[in-house]
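Enquirer: based on what follows, work out the 3D shape:
(chains A and B)
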Amino acid sequence: MSNMKAEALSVNFDDKMVLKDLSLAIEEGKIISILGPNGSGKSTLLNVLSRNIKPNKGIVYLDGQNLSQLSGKMLAQQMAVLPQSPQAPSDLTVRDLVEFGRFPHQSWWRGKSEQDEACVSWALMQTGLIQMADRVVSTLSGGERQRVWIAMALAQKPEILLLDEPTTYLDICHQLEIMELLAAFNHEHKLTVVMVLHDINHAAKYSDYVAVLQQGQIFAAGEPAEVITEHTLREVFRVESEISFDVSGKPMVMIRGLTPKN
Amino acid sequence: MLNKKIFSRRGVRDRSEWRAFILIIFLLLALGGIALSLSVGALSISLNEIITAIFSDTSGANRQVIWNIRLPRTLVGALVGINLSLAGAILQGVMKNPLADPHIIGVSSGAGLAGVSIMVLFPHKEYLVTPVAFFGAMLAAIFIYILAWKGGIRPVRIILAGVAVSAFLNSAISALLVFYSDRVHGALMWMVGGLSARSWPHLDIILPYTIIGGILAILGARRLNILNLGDEIARGLGLNVEVSRIALTAVAALMAASAVSVVGLLGFVGLIVPHAARLLVGSDYRYLLPASALLGVAVVTLSDTLARVAFAPIEIPVGIIMAFVGAPFFLYLLRRDA
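Expert: Model prediction:
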C-alpha cells in the first residue's frame, strides 16, 4: 500500500513557471485523474511524481519517505510509470518487453528467477496477452501495444501506477478497454492509479478523485461530481457544457461549444 | 528478410534457434578468418604446420613466420575487431542513434591529431605514436563529454558536440599534412588504418582493454536493453540513466581508443559490424554484443588477409579493403531487410 503526498511543488523551465506551489495528496488504493488544458502542467506534475523531473521547490513523499532519497530500484519496486506513447525496438516480442518489468527486482549477479517468470505470466494473463506473448510488438495494433506496456508495468508488481494519457491515439473501444483494465486492477489488487487524462468523461467515470490544473496550479480537486462542473469547464477549458449524472451519480459532460470571448 | 519472417510467424523457439545458428556461423567465420590469416601469405602454411609451429617446433622457418609475424598480427586484428565492434554496438545503444560509432565521441579524431602530430613533427620518436594517440583519443572524448554536459547528458548534444570537435581536430590534421607534405605517407597509412608490422607489444596494449571492456560490456547488456526503451521508461524501471550512459560510453571510449591508437583510424568496423549483427540477430544486447564481437573478428582478419595477398607483394591498408568489400555487402543486407 502506498500513499503519496506532494507538498508545495514548484517547477520552472528557464524563466517559465510550470508548476506553482502545488500540493496534492494521493490516497492509496484510489484512482486519481489529473485534468487540465494543454500547457497547464499536468504532464510535468506526473513527471515530478515519478521523479522524472526534479522540482525546483517542494517535496514528494511516498509512504512518508522523501521521494528524492529513495534508490531508483526501491522506487521502481513500488511505483511503475508509463509515459506517453513509448517506443520499443521493433523486433522485441511481447514477452521480451514484459520481462523488462522485472528489471528492478533483478541484480548484477542474479538473472531471471522463477518468481520473475511467474510475475511475467501473471501480467500477460491479466492483460489478455498470453495468447500473443510470442508475437513481435511492432505487429500489434495500437490498443494491444498499449496493453503490452501496461503488462510491463504490472510485471513490476507496483503498488502505484502512473500513466500519462494512456488512451491517446486509441479508438473509443480500445480506450474503454484500457480504462476498464485499470479499473479492474484498482479494484482487485488495490493498485493506486494516477493518470493524466484528456477525456473528461473518462476521468468522471473511472476516478475516485480528480484534480484540475490551470496554469500550474490546482483549480479544483475532489470527487468527480464536485469538481467537474459547468463552472470548471468554462473557467479552465473555455467551453460551455451541460452536465448530467448517470445511475451511479457520476457526472457526464456534454460539450456545447466554445465559451464566447467576453 | 529471413529472420524477420521467423521472428514474427513462427515464434520464440525458432527465434532462439535462429540466434544460436547465427552466433555459430559468426564463430566459425571468426575462427576461419584467424586460420586463413595465419595460413595465407608469401609463404603458404597448412593448418597442421601452423599448429606445429605454434605449439611444438620452435626453430623452423614456419615458426619464424607464424610466431613472429602472422600470429601477433592476426591476434591484434582480432582484438581490434572486437574492440571497435563492441564500442560501436554500445554507442549505438547509448546514443539511440544508428549513426553513432567511435568517431562520434571524438576517439578517432583525437587519436588522429595526436598520432599525426608525432609522425610529422617528431618522426624520430615514432614509438610514442601509440601512447600519445591513446591519450589524444581519451582527451577528445572527455572534452566532448564536458561540452555536451548540461545537467545531464543528452545523446543529441554529444553527437553534435562530437561532430564539431571532430571537424575541428580533422582540420588541424589536414593543416599538419599540408605543412609537412614530405612526411605525409606514413601519416596517411596510419589514418586509413592498417595492421602492417603489428606485433606482440601492440597486442599487450590492446588485450587488457579487450578483456576488461568485454566483461563490462556483457555485464551492461541488460542495461543497454533497458536504455533502448527510452529514458523515461528506463528511469521508471529504476535504471540510473545518466550514470549508465556515462559508464557505458567510457567503456566504449577506452576500447575504441586502445584499438585506434595501435592500428590507426580504422573506420567502418565500429559502424557497420554492429549494424550487420543487429540485422541478423536482432536488438537484444545479450546476443548482439557477442555477435558483434565475433563478426568484428571475422571482418578484420579476413580483410587483412585480403589486404596482404590481393596485390602482393604490395600490401594495402586493411581499412581500405574493409570499406571496399564491406560497404556493398552492408548495403545488400540493408536492401534485403527493407
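Enquirer: element containing residue A:11, please.
Expert: For residue A:11, the element it lies in under DSSP states H and E is strand A:4-13.
Enquirer: list the buried ones in that strand?
Expert: Going by neighbour count (16 or more other CB atoms under 10 Å in any protein chain shown), the buried part of strand A:4-13 is A:4-6, A:9-11. Heads up, the C-betas are built off the backbone N, CA and C, glycines and all.
Enquirer: of the residues you listed, closest to chain B?
Expert: The shortest approach to chain B among these belongs to residue A:11, at 13.7 Å (CB to the nearest CB).
Enquirer: now the stretch 151-262 of chain A against chain B: closest residue?
Expert: Closest point on the stretch 151-262 of chain A to chain B, by CB to the nearest CB, is residue A:156, at 7.3 Å.
Enquirer: give me every residue that touches that residue.
Expert: A:76-77, A:80, A:101-102, A:104-105, B:237 (CB atoms under 8 Å, 6 or more residues apart in numbering or on different chains).
Enquirer: what about the residues you listed, which are in helices?
Expert: Mapping the contacts of residue A:156 onto helices (DSSP state H) picks out A:76-77.
Enquirer: now the buried members of the contacts of residue A:156.
Expert: A:76-77, A:80, A:101-102, A:104-105, B:237.
Enquirer: element containing residue B:16?
Expert: Assigned by DSSP H and E, residue B:16 belongs to helix B:12-39.
Enquirer: who's in contact with stretch B:156-170?
Expert: In contact with stretch B:156-170 (CB under 8 Å, 6+ apart) are residues B:95, B:97, B:99-100, B:103-106, B:108-110, B:112-113, B:140, B:143-145, B:147-148, B:150, B:249.
Enquirer: for it, buried residues please.
Expert: Buried, per 16+ other CB under 10 Å, within stretch B:156-170: B:157-159, B:161-162, B:165-166, B:169-170.
Enquirer: turn the residues you listed into TSV, columns for secondary structure and distance to residue A:231.
Expert: Putting the buried residues of stretch B:156-170 into TSV (DSSP: H, G, I helix; E, B strand; the rest coil; distance: CB to CB, whole Å) gives the following:
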residue	secondary structure	distance to residue A:231
B:157	helix	46
B:158	helix	50
B:159	helix	50
B:161	helix	51
B:162	helix	54
B:165	helix	57
B:166	helix	59
B:169	helix	63
B:170	helix	64
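Enquirer: tell me the one among those nearest to chain A.
Expert: residue B:157 (16.5 Å).
Enquirer: how deep is the nearest residue to residue B:36 once chain neighbours are set aside tucked in, by neighbour count?
Expert: Take residue B:36 and drop its neighbours on the chain: the residue closest to it by CB to CB, 6 or more residues apart in numbering or on different chains is residue B:305, 5.2 Å away. Burial of residue B:305 is recorded as 24 neighbouring residues (other CB atoms under 10 Å in any protein chain shown).
Enquirer: kindly report the same for residue A:134.
Expert: Residue A:134: 17 neighbours (other CB under 10 Å).
Enquirer: mind checking how far it is from chain B?
Expert: From residue A:134 across to chain B, the span is 4 Å (CB to the nearest CB, to the nearest Å).
Enquirer: give the helix, strand or coil label for that residue.
Expert: Assigned by DSSP: H, G, I helix; E, B strand; the rest coil, the conformation of residue A:134 is coil.
Enquirer: I figured it hits residue A:98, correct?
Expert: No: applying CB atoms under 8 Å as the test, residue A:134 and residue A:98 come out as separate, 11.5 Å apart.
Enquirer: tell me the phi and psi of residue A:86?
Expert: phi -70, psi 160 (degrees, to the nearest 10).
Enquirer: make sure residue A:253 is indeed in a strand.
Expert: Yes: counting by three-state DSSP, residue A:253 is part of a strand.
Enquirer: helices or strands up against the strand holding residue A:11?
Expert: Packing partners of strand A:4-13 (3 or more CB pairs under 8 Å, 6 or more residues apart in numbering or on different chains; DSSP states H and E): strand A:16-26, helix A:42-49, strand A:57-62.
Enquirer: most packed of those?
Expert: By mean neighbour count, with neighbours taken as mean count of other CB atoms under 10 Å in any protein chain shown, helix A:42-49 ranks first of those at a mean of 24.
Enquirer: quick one: average pLDDT of that one?
Expert: The average pLDDT within helix A:42-49 is 93.
Enquirer: export that helix to PDB, keeping only CA atoms.
Expert: Provided in PDB are the C-alpha atoms of helix A:42-49 (Å, rounded to 0.1, in the frame of the first residue of the first chain):
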ATOM      1  CA  LYS A  42      -0.300  18.100 -15.900                       C
ATOM      2  CA  SER A  43       2.400  16.100 -17.600                       C
ATOM      3  CA  THR A  44       5.000  18.000 -15.600                       C
ATOM      4  CA  LEU A  45       3.200  17.100 -12.400                       C
ATOM      5  CA  LEU A  46       3.200  13.500 -13.300                       C
ATOM      6  CA  ASN A  47       6.900  13.700 -14.200                       C
ATOM      7  CA  VAL A  48       7.600  15.100 -10.800                       C
ATOM      8  CA  LEU A  49       5.600  12.400  -9.000                       C
END
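Enquirer: ok, residues contacting that helix?
Expert: With contact meaning CB under 8 Å, 6+ apart, helix A:42-49 is reached by A:4, A:6, A:9, A:11, A:18-19, A:22, A:24, A:26, A:34-36, A:53-55, A:60, A:67, A:84, A:162, A:164-165, A:194-196, A:213, A:216.
Enquirer: show me where chain A has its strands.
Expert: Counting by DSSP state E, chain A has strands at residues A:4-13, A:16-26, A:31-35, A:57-62, A:65-66, A:79-82, A:160-164, A:192-196, A:209-214, A:217-222, A:239-245, A:251-258.
Enquirer: closest to residue B:46 out of those?
Expert: strand A:79-82 (61.0 Å; CB to CB).
Enquirer: now residue B:139. Nearest residue, chain neighbours left out?
Expert: Residue B:139 sits nearest to residue B:110 (CB to CB, 6+ apart), 5.8 Å away.
Enquirer: for whichever strand or helix holds that neighbour, buried residues please.
Expert: Residue B:110 belongs to helix B:107-121 when elements are defined using DSSP H and E. Going by neighbour count (16+ other CB under 10 Å), the buried part of helix B:107-121 is B:107-120.
Enquirer: and stretch B:89-107, is it in reach of chain A?
Expert: No: applying CB under 8 Å from any CB of the partner chain, one finds stretch B:89-107 separated from chain A by no less than 9.5 Å.
Enquirer: buried residues, that stretch. List them.
Expert: Here stretch B:89-107 shows B:89-96, B:100-107 as buried, counting by 16+ other CB under 10 Å.
Enquirer: which residues touch residue A:21?
Expert: A:8-10, A:57-58, A:217.
Enquirer: one more time with 10 Å
Expert: A:7-10, A:57-58, A:216-218 (CB atoms under 10 Å, 6 or more residues apart in numbering or on different chains).
Enquirer: surely residue A:30 touches residue A:224?
Expert: No: taking CB atoms under 10 Å as the definition, residue A:30 is not a contact partner of residue A:224, at 11.9 Å.
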